[in-house]
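Asks: fold the following.
(4 chains)
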Number of protein chains: 2
Amino acid sequence: MADIAAHLGVSRALVSIVLRDMPGASDETRQRVKQAAKELGYSPHIGARTLRQYRSREIGVAFAPAHAGEPDIVEAIYPATIERGYRVVLSAQTGHRSMETAVEELFGYRCAAIILIGPELDDAELQAIARRARVPAVVVNSGEPNRAYDVVRSAGDTGIGLAVQHLVELGHHQIAYVHTASMPPAALRLQGYRRAVADAGLKLDIISVPGADYTEESGAEAGRDLLDRRELPTAVVAGNDQQAIGLLQVFSRAGIAIPGDVSLTGYDDTRVARLSSVDLTTARQDPQQMGQAAVSAAVRRIDQPNRRPMLSIVEPSLVVRSSTARPRRWVTQARHNPTQG
Amino acid sequence: MADIAAHLGVSRALVSIVLRDMPGASDETRQRVKQAAKELGYSPHIGARTLRQYRSREIGVAFAPAHAGEPDIVEAIYPATIERGYRVVLSAQTGHRSMETAVEELFGYRCAAIILIGPELDDAELQAIARRARVPAVVVNSGEPNRAYDVVRSAGDTGIGLAVQHLVELGHHQIAYVHTASMPPAALRLQGYRRAVADAGLKLDIISVPGADYTEESGAEAGRDLLDRRELPTAVVAGNDQQAIGLLQVFSRAGIAIPGDVSLTGYDDTRVARLSSVDLTTARQDPQQMGQAAVSAAVRRIDQPNRRPMLSIVEPSLVVRSSTARPRRWVTQARHNPTQG
DNA sequence: TTGTAGGCGTTATCAG
DNA sequence: CTGATAACGCCTACAA
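Replies: A predicted model of the protein is given here:
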């Protein structure tokens, strides 16, 4: 910046004013300064800026690049953040780098707020992080509503409920659900299954995959469990898309047709769900909305620090594809009863 | 830091020495300082540090979270960078945020080097960025070898060559290739196809998809082109996995079996290629190796700034799955000629 | 082993 | 509109 000032023979303060678009400089000066900045390849020193500024204008985002769906939320966070006059600082959680380490780095950047996407931590650990942060913390797709941090999540119960309801409308009476106790959103999704099945007057059929998480492997495990049974359910509701895909693979190898023999649903509407070879009926949680809700929550608490943390719920919608169809048995009955055809 | 010093009644410099594990403090003091730092929830101010330090210890990484495969390379960059005593600064390219903007931000952090993953820019644009950077720039999976920036890429010619060779060994004589002129690595892959086909004494069959990029849509377009022909080739080599999947969708809708009627290969071994419903034979470029090679190149040129930029080639390997098989015709011929069975 | 002083690039303040 | 000056938190030399 001093270079530009010297080059033009003006003060550094003036240059600073122009580059920040502050009032107090003539249009002609603005032109000249901006021109010189371009020519000299000037780029503001972000560290020096945050050092000097009383309040930080950065929102820190910790996420796992390898987790399906999280990069989409990160994409949505950018425009929402910039719109509100903030900048985004990214920090990755990887196999060799814990979420705590990623968050610690964000503290180093003196972020005005931090957003944690899908941390695989329990409520106590998240509260510890939030207290240590001394700035507002927003947790996306994990955690529980509480007084330490904001929570943004999709209405997992509604989403699973929509899937069950869709299957009921197709005529299914035996709807199994793949449950993974260890994952944060699992409890809510299970609740949605319980309620929807009760509403339809059907029997619960919960396949618990203990210790597993939302991976293809856990879905495959559930699939093998099902294959050991004498009789398969007519429909399976998986906890997420990856699980559904693991299940799909085990079933297709075993010669079980989807949706011919068994209907299958997922959750998240990740990219793989859209492939024509998979074409999964799934509950869509819009990453766009998740990102916007997270930034809104962060800015809200930056502006009003004493406000109580909130729970923001993004409503999912059901995307019907070809992995669900009428059950065989139902079609047979329908033939005898033309009013249902 | 001043807080800690005041709290303990020592100088700030001493605290700095202890926290950086530099020589010049007694063990007892170290204990006390570290204890106090923990209690007070101290976290070093990264901005102030980079401001003061003569040389930066950060490597900037610009990537597109939404592009398949790039997050995996980012994951690999972390351990390699930390191992060499550097830190990672991430900057995302999104639909609303160009690669140039992402790189500009990295300049703001005064990174010691920048790594650009899969930029959709031509050589001239990349050279402009590299010159503006004034620090070493490394381009992964794009660009051309030159004097302005390092290039890390997989040996696209070898990868496609392996695919063609595999198909030739299976007995294919009509092997088509889907070419997308606009994508940076495409020229090299085409070259690999030309050479391998020539080596096998076969006829070239290049399906050009003009103006398109490496998306499912471009694969679908190539698929429709092929369906317009009187006779299909027995094998198709796609430019990447996504393209192969687009082609797969068009073919399966048209009732053409893979690999029954046509064998198909991809490139990249992205996650979708592994799905049992896709199960694509593809050339694998190891993200681990790509990440390590990129960091090596960056550090090499930080240490020796006058060294000429290099080209690092990561050798791909062929992952054979069930999308490739012997052609129908060949099997028939084999029956008449037992020596080939 | 400990303390002191100066400066990195920027912004804010205040007097010309 | 300009110029001078202080301060942000940290690191490095050098002095005690």
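Asks: going forward, measure contacts and count neighbours with C-alpha atoms only.
Replies: Fine.
Asks: ends of stretch A:129-144, what's the gap?
Replies: Across stretch A:129-144, the terminal residues are separated by 14 Å (Cα to Cα, to the nearest Å).
Asks: buried sites along that stretch?
Replies: A:129-130, A:133, A:135-144 (16 or more other Cα atoms under 10 Å in any protein chain shown).
Asks: check stretch A:284-291 too.
Replies: Neighbour-count burial for stretch A:284-291 [16+ other Cα under 10 Å]: A:284-287, A:289-291.
Asks: out of these, which are inside helices?
Replies: Mapping these onto helices (DSSP state H) picks out A:287, A:289-291.
Asks: go through the residues you listed and name the one nearest residue A:88.
Replies: residue A:291 (12.2 Å; Cα to Cα).
Asks: how close does the closest residue to residue A:109 other than its chain neighbours sit to residue A:83?
Replies: Nearest residue to residue A:109, sequence neighbours excluded (Cα to Cα, 6 or more residues apart in numbering or on different chains): residue B:46, at 5.7 Å. Here the criterion is Cα to Cα. By it, residue B:46 lies 25 Å from residue A:83.
Asks: so the two - more neighbours on which side?
Replies: Remark: of residue B:46 and residue A:83, residue B:46 carries more neighbours, 19 against 9, as counted by other Cα atoms under 10 Å in any protein chain shown.
Asks: so who does the more buried one touch?
Replies: By Cα atoms under 8 Å, 6 or more residues apart in numbering or on different chains, the residues touching residue B:46 are A:47, A:108-109.
Asks: ok, then the element right after the helix or strand that contains residue A:160?
Replies: Assessed by DSSP states H and E, residue A:160 sits inside helix A:156-170. Sequence order places strand A:175-179 as the next helix or strand after helix A:156-170, per DSSP H and E.
Asks: what does that following strand contact?
Replies: A:164, A:167, A:186, A:190, A:193, A:203-209, A:219, A:222, A:233-239.
Asks: now with 7 Å, please.
Replies: Residues outside strand A:175-179 that contact it (Cα atoms under 7 Å, 6 or more residues apart in numbering or on different chains) are A:186, A:190, A:205-209, A:222, A:233-239.
Asks: inside strands: which ones of these?
Replies: A:206-208, A:235-237 (DSSP state E).
Asks: before we move on, the earlier item: just put the buried residues of stretch A:129-144 in TSV and tack on secondary structure.
Replies: Output for those, formatted as TSV (DSSP: H, G, I helix; E, B strand; the rest coil):
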residue	secondary structure
A:129	helix
A:130	helix
A:133	helix
A:135	coil
A:136	coil
A:137	strand
A:138	strand
A:139	strand
A:140	strand
A:141	coil
A:142	coil
A:143	coil
A:144	coil
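Asks: how far away is the closest residue to residue A:43 other than its chain neighbours from DNA strand C?
Replies: Among residues not flanking residue A:43 along the chain, residue B:108 sits closest, at 5.8 Å (Cα to Cα, 6+ apart). Separation of residue B:108 from DNA strand C (Cα to the nearest atom of the strand, to the nearest Å) stands at 8 Å.
Asks: with residue A:153 instead?
Replies: From residue A:153 to DNA strand C the distance is 35 Å (Cα to the nearest atom of the strand).
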